[in-house]
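J.: Predicted model, plus sequence, below.
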Amino acid sequence: MILNLPPQLAGGARLQILEPSWSSPHTLSGTPDASLDVPGGGTPHGYLLRARRALDANSHSPLAYARLAQAAQAAGESEEAVKAARRALELALEDQHVPAAHAGIIVLEAHGLGSELARLMDDPRAGHLPVNLRLRAAIAAGEHAAALSILADPRSMSASSADALSLLTWLHLQRGEYRQAVAAGRRAQAAGAAGVALYVNLGYAHAALGDLPKAIKLTRQAVALAPTGRAACLNLVLYHKLAGEHEAALACLERLRDGQEMDVQLALATAAVMVYAGQHEQARRVLQRVRASAEWAHADGMRRAALEANLAFLRWKTGTANAHTTISSLRRALSANDYQSLSIAYLLCNLLMSSEHAPLLASVIERLQARHDAAELAGMRMVLALLKHDAPAALQLAREWSARDVLNPNVASFATFLICDLEGDFPQAAELGVRALARAPSHLTLLNNTAYALALAGDPHRAGRLLDGVRGSGEQRVEIIATRALVALMSGQVERGLDGYRRAWDLALAQDDVPLADRVAANAVLACRRAGLSDPAVLDQQLLQRLAAASRSRPGSWVLAERIRRELQLQIRHGDPDLASGDRSDFNEPLRFPLARHLPGHPRARRLPGGSDSLQ
Amino acid sequence: MDGCDRVIRLLDSGEHIVNLSHSLSGGSIPVATEYVVLELAAGSLADLILYGPAFTWPDRLCLYRDVVKGVHQMHLKKIVHRDVKAENGLVTERPTVAKIADLGRAHDTTEPPRFAVEAYLLGRGDTRFAPYEFLWLQGTQDAGDQARADVYLLGSLLFEIATGVALTPLVTVNPTAVIHAKAALPEAERRRDWLANIPTLRDAALPARESFAREIPPVIRDRATRLLELLTDPNPARRLPTRAGARGYAPDPWDLQWLLALIDGLRRAIDPQLRKQYLTTRTAVKHGRQRAR
């Protein structure tokens, strides 16, 4: 049975690809803030005046324009800087003046005008520019294909250089070409490259290909080169987390902390590791401590909003706040950072379960669209499609999201779940799940969903082997017990399978989770059907009624209802308290199932003592 | 000073009084002043850079050496300049010599600072040439660190003399924006961020070095590029040469003799006349020693 999706903390560490070495991550694009340097009365800086005078005396010199562009940029005179940079670039192309072209390109890029550099791709005069400058222009213009063709050009003498190959690694990563990225990275290493960015990016490529041990090894090398570099360290933390090595992940964070007070970013990363391990209360306490520390006072608005949002979320998860309050808190946090935080928005998605939340999510997406690339919002649009019960859109967006965010096991879990239950393409779901599981072997939801898909795709033995790896508290999860039951049924172990479903159902009821118990029952019916049991079951009216009601408030129940509709030809009318009507003419003739007599009319009233002896 | 007899007589007289006009009263206030007589410069290195290839490499290195020597002399008195750039290298015509000028940001490290560090860093500084650590508001507390910042500035000047443009923006893209972003961080976080960014900055400087190398004559290209790499290393502690096998050796950031010697080597490599002179002198010294024995 499919697990509900676990939450992912927002604003903490996310896997990072390091940009090419010349584009440092601290670089701020766009127009710089109003310069603090500008003196009262608007008097220009002396150096700017001198640069203007030099230009007057050398009005055709690309260098004079380049110097003016740099001076104006430093003085905060953006318009003048951009104008001079454009002219410097033009004259530099004419005169083949590399430094002036270099300065012009940088100033344009700094002002967010990288797209203007696209014209260099077709300009024959740009041929004399060094490969790295042409590459930079191509990347700033978003022309990754052009950048790749520059590197592939045999006339580019430096294309085989370590720098060019490091850049090629990054380019392939940007395009999701992980095997090519690894090949380019290895060539870069052979050519003598050994920078932090190369190791981090190679680690990322290996992780994306499902080789976590190699990713960890390479990222450790990056950390050795830059022990205090957060990007590499936090990537290492995430690889350890995905590999289920939570102690190692926490140890990395402790080293990063270096005996200092924990700051907001480290607290969020620590909490994320704890949440992954199911330690919600400990995670909440970590964040609460930072909330009361001096670090909070010094944190910027974005970090504060992320901390507030995560705290609110964990309060809800630990039962100290209700969903309504938490949704309000998350919306406040989003608003506080002017909808710049995607991760807070994704956190909010965890709470938007009812169809009634669809307008709210739609308005959040609309505001986010102004600040983020549409592709980054695929996951949110998928949740919106689920809330609107739009199966084709949800499936398409789940596929888009999983292709884009390959190292996020939650995404793969979603995609596996939807491809299974909405589309019934179990082999495809299993393939996607198995690939993703190599990247995050400890992710319980993904593991469960992949085993579920494998069992239904006709490979229950492989599914069983996957589930054999579940230990500890995971074994007591309702969904895991139910999926083990499915595997047993599909392997021909009928008694064991039915017993498993029975235990899962009991456990769900013991947890007072009636919708979950209903989903166990419905899954049991579907599993029996698929296993070809000769003695069909009863899917009783009350259960279907509850399922119909739940499908409005739980996307998981709606998806299950879709599967029931597809496999049993039962149409569950959403929100109709009278139930479910059937497309099938014989709907009123109940389906029979060995568990039928134990299925709850009312869960509390009909609750049976656990134990396999009560089943048959 | 031709034709300036009256001025010279006035200065000789010891009357160091100037009258400041007082706009409110309409009168004037006599004020005793100290004065300095300066040479009249023909221009600056920044003007010469715009001449392009006409500003020959032997001349560039000769004038660069002059500026390095000026900074070295300041360092001998434990004074840091903190604003070395082509515009502040004034050039006189007869003889053609470059002199480091504009000491507005200079500081005698034997005396306490006059302003808070932030006031200096966020003041009217020219971020085009700022050492990387200044963008993170680092490297200004310790006198040795300030001397190392001057070493970066000398590297930046070498880059500027070769390419005509400033190095720091080519590496950090927008130094002004960086300094403002980093100024907003708490001090401890800023320090951590700075240390974490040193390797990234080192990588980010590679393309700028490539642009530099393309402007340098092949005969000195490798040596000059290695020198630039050393002088402008993002880690201030690595801007000075080390001695192979000398463990525990701490180079003195105040002593720039090594840099002068390296520049002399570059000049000899590119200027046959200088090389000939050098070889002649060396041979004479050698013979003198042999005779003395």
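T.: In hand now; what should we look at?
J.: Going along the chain, name the strands of the stretch 201-350 of chain A.
T.: Shown for the stretch 201-350 of chain A, no strands are assigned by DSSP state E, counting those that start in this stretch.
J.: residue of it with the smallest distance to chain B?
T.: Nearest residue of the stretch 201-350 of chain A to chain B, counting by CB to the nearest CB: A:His298, 3.6 Å away. Glycine gets a C-beta too; all of them are placed from N, C-alpha and C.
J.: any idea how far the residue nearest to that residue when sequence neighbours are not counted lies from B:Ala101?
T.: Closest residue to A:His298 apart from its sequence neighbours, by CB to CB, 6 or more residues apart in numbering or on different chains: B:Pro186 at 3.6 Å. Applying CB to CB, to the nearest Å, the value for B:Pro186 to B:Ala101 is 38 Å.
J.: wait, isn't the residue nearest to A:His298 in contact with A:Asp300?
T.: No - counting by CB atoms under 8 Å, A:Asp300 is not a contact partner of B:Pro186; they are 9.4 Å apart.
J.: mind listing what the nearest residue in space to B:Arg60 that is not next to it in sequence touches?
T.: Nearest non-adjacent residue to B:Arg60, counting by CB to CB, 6+ apart: B:Ile161, 5.1 Å away. Going by CB atoms under 8 Å, 6 or more residues apart in numbering or on different chains, B:Ile161 touches B:45, B:49, B:60, B:63-64, B:86.
J.: and of those, the nearest to A:Gln279?
T.: Nearest to A:Gln279 out of the contacts of B:Ile161 is B:Ala86 (CB to CB; 59.2 Å).
J.: what's the neighbour count on the closest one?
T.: Residues lying near B:Ala86 (other CB atoms under 10 Å in any protein chain shown) number 25.
J.: How confident was the prediction at it?
T.: pLDDT recorded at B:Ala86 is 95.
J.: ok, now B:Thr56?
T.: pLDDT recorded at B:Thr56 is 92.
J.: Need the phi and psi values for it.
T.: According to degrees, to the nearest 10, the main-chain angles of B:Thr56 amount to phi -70, psi 160.
J.: and it, how many neighbours?
T.: By other CB under 10 Å, 13 other residues sit near B:Thr56.
J.: Same check on B:Asp5?
T.: The number of residues packed near B:Asp5 is 9, by other CB under 10 Å.
J.: Checking the nearest residue to B:Glu133 once chain neighbours are set aside next. Helix, strand or coil?
T.: Closest residue in space to B:Glu133, ignoring its immediate chain neighbours: B:Gly139 at 3.6 Å, by CB to CB, 6+ apart. Here B:Gly139 is recorded as coil under DSSP: H, G, I helix; E, B strand; the rest coil.
J.: Touching, B:Gly139 and B:Gln146? I think so.
T.: Yes - in this structure B:Gly139 lies within contact range of B:Gln146 using CB under 8 Å: 7.1 Å.
J.: Output the strand or helix carrying B:Leu63 in CSV, but only the C-alpha positions, please.
T.: Using DSSP states H and E, B:Leu63 sits in helix B:57-76. Output in CSV follows, covering the C-alpha atoms of helix B:57-76 (Å, rounded to 0.1, in the frame of the first residue of the first chain):
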residue,chain,number,x,y,z
TRP,B,57,56.5,46.6,-22.0
PRO,B,58,59.9,47.7,-20.8
ASP,B,59,58.3,51.0,-19.9
ARG,B,60,55.4,49.4,-18.2
LEU,B,61,57.6,47.2,-16.0
CYS,B,62,59.9,50.1,-15.3
LEU,B,63,57.1,52.3,-14.0
TYR,B,64,55.5,49.4,-12.2
ARG,B,65,58.8,48.9,-10.4
ASP,B,66,58.8,52.5,-9.4
VAL,B,67,55.4,52.2,-7.7
VAL,B,68,56.4,48.9,-6.0
LYS,B,69,59.5,50.7,-4.7
GLY,B,70,57.3,53.5,-3.4
VAL,B,71,55.1,51.1,-1.5
HIS,B,72,58.1,49.3,-0.2
GLN,B,73,59.4,52.5,1.2
MET,B,74,56.1,53.2,2.9
HIS,B,75,56.2,49.7,4.3
LEU,B,76,59.6,50.2,5.7
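J.: what sits up against that helix?
T.: Here helix B:57-76 has contacts from B:45, B:48, B:80-81, B:84, B:89, B:91, B:96-100, B:106, B:147, B:150, B:154, B:157-158, B:161-162, B:216-217, B:220, B:253-257, B:259-260, B:263-264, B:266-267, B:270-271, B:274, using CB under 8 Å, 6+ apart.
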